[in-house]
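no letters, just coordinates:
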């Protein structure tokens, strides 16, 4: 079994490759050879252990991601991969970086299929480590020239703007309010842990695409009812998972502002069964909860690159 640490995973997983790997994975899922188990939260005396599993026939792997939240220390994520051919354990990957990159890449896939082709302006609501890969993924699939970032902490949004300007070669600037960030932006990325909506959907410009990627708990809502009502299409990464974890859609459905029957799964957009952009002026919304099938397919991509490059440490069980 191959062991890979955080630095090795990050070095082996550039954003453009991760977007392409996930795009292919969702297309494979539409064809029926992918399985996904929603996240299960095992209660602990303090916090919870999170466990999620997935399988890709094309990748030749099944596996799981697991981590602990709610304790005094930070979460350390691990992905375990097994061969679907003989059941042998293939790899154990440190997965904080993997999760950060594939979360951004999932928004990149949605943006590729749902945003206007000429989208050049981005608003990022949130300035944490996950926000960095949201912007990087969007910039990998659209001709982004300018980005505005808003978070409640002025120093953090200023630091984010400086860092991402240097990393991506874009004009990234801090915004004084959520409205200032999203008004006129063609793409909006919400990536916070807020329990209440972080912007007014009435400020969205016609034709805007929204990636809501920060919430994966029924008690959290980044996106308000106005955004959901204004969206011509609402896409989820997986409907079964969204009904458990997507707080804003759960809340909207309870208030009769949204019907689950109207939700579209990302696999159907990627496969072309459903158009991700109904019209140039349509407002589109992608709700990302994060799936184990993403971790498995991306993990196998990293594993194969590591074998080819002689990276990692082989251990016998």
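Yep, that arrived. Since the structure is predicted, the reported quantities are computational estimates derived from the model, not experimental observations.

my read: residue 167 touches residue 136, true?
Yes - look at residue 167 against residue 136 with CB atoms under 8 Å: they come within range, at 7.5 Å. Yep, even glycine has a C-beta here, placed from its N, CA and C like the rest.

more neighbours: these two, which one.
Neighbours were tallied for residue 167 and for residue 136 using other CB atoms under 10 Å; the higher tally belongs to residue 136 (24 against 13).

let me know the secondary structure of that one.
When the structure is reduced to helix, strand and coil (DSSP: H, G, I helix; E, B strand; the rest coil), residue 136 reads as helix.

got a pLDDT number for it?
At residue 136 the predicted local confidence, pLDDT, stands at 98.

and the nearest residue to residue 315 once chain neighbours are set aside, how many residues sit next to it?
Once flanking residues are discounted, residue 315 sits nearest to residue 1: 5.5 Å by CB to CB, 6 or more residues apart in numbering. Residue 1 is surrounded by 16 other residues when neighbours are defined as other CB under 10 Å.

helices or strands up against whatever helix or strand residue 54 lives in?
Taking DSSP states H and E as the definition, residue 54 sits inside strand 48-56. If you count contacts as 3 or more CB pairs under 8 Å, 6 or more residues apart in numbering; DSSP states H and E, strand 48-56 packs onto strand 34-43, strand 61-69, helix 292-309.

any idea of the angle the last one forms with strand 34-43?
When axes from the mean of the first three to the mean of the last three CA atoms, to 10 degrees is applied, the directions of helix 292-309 and strand 34-43 differ by 110 degrees.

the residue nearest to residue 209 when sequence neighbours are not counted - how many residues pack around it?
Take residue 209 and drop its neighbours on the chain: the residue closest to it by CB to CB, 6+ apart is residue 115, 3.8 Å away. Residue crowding around residue 115 was assessed by other CB under 10 Å; the count is 25.

next: residue 17.
Neighbour count of residue 17, defined by other CB under 10 Å: 17.

repeat for the one 3 residues further on
The number of residues packed around residue 20, counting by other CB under 10 Å, is 17.

and if you look at residue 152?
Every residue meeting other CB under 10 Å relative to residue 152 is counted, giving 12.

do the same with residue 262
Residue 262 has 10 neighbours, counted by other CB under 10 Å.

tell me what the nearest residue to it once chain neighbours are set aside is bridged to.
Nearest-residue entry for residue 262: residue 234, 6.5 Å, with adjacent residues in sequence omitted and distances by CB to CB, 6+ apart. The residues listed as beta-bridge partners of residue 234 by DSSP bridges are residue 285.
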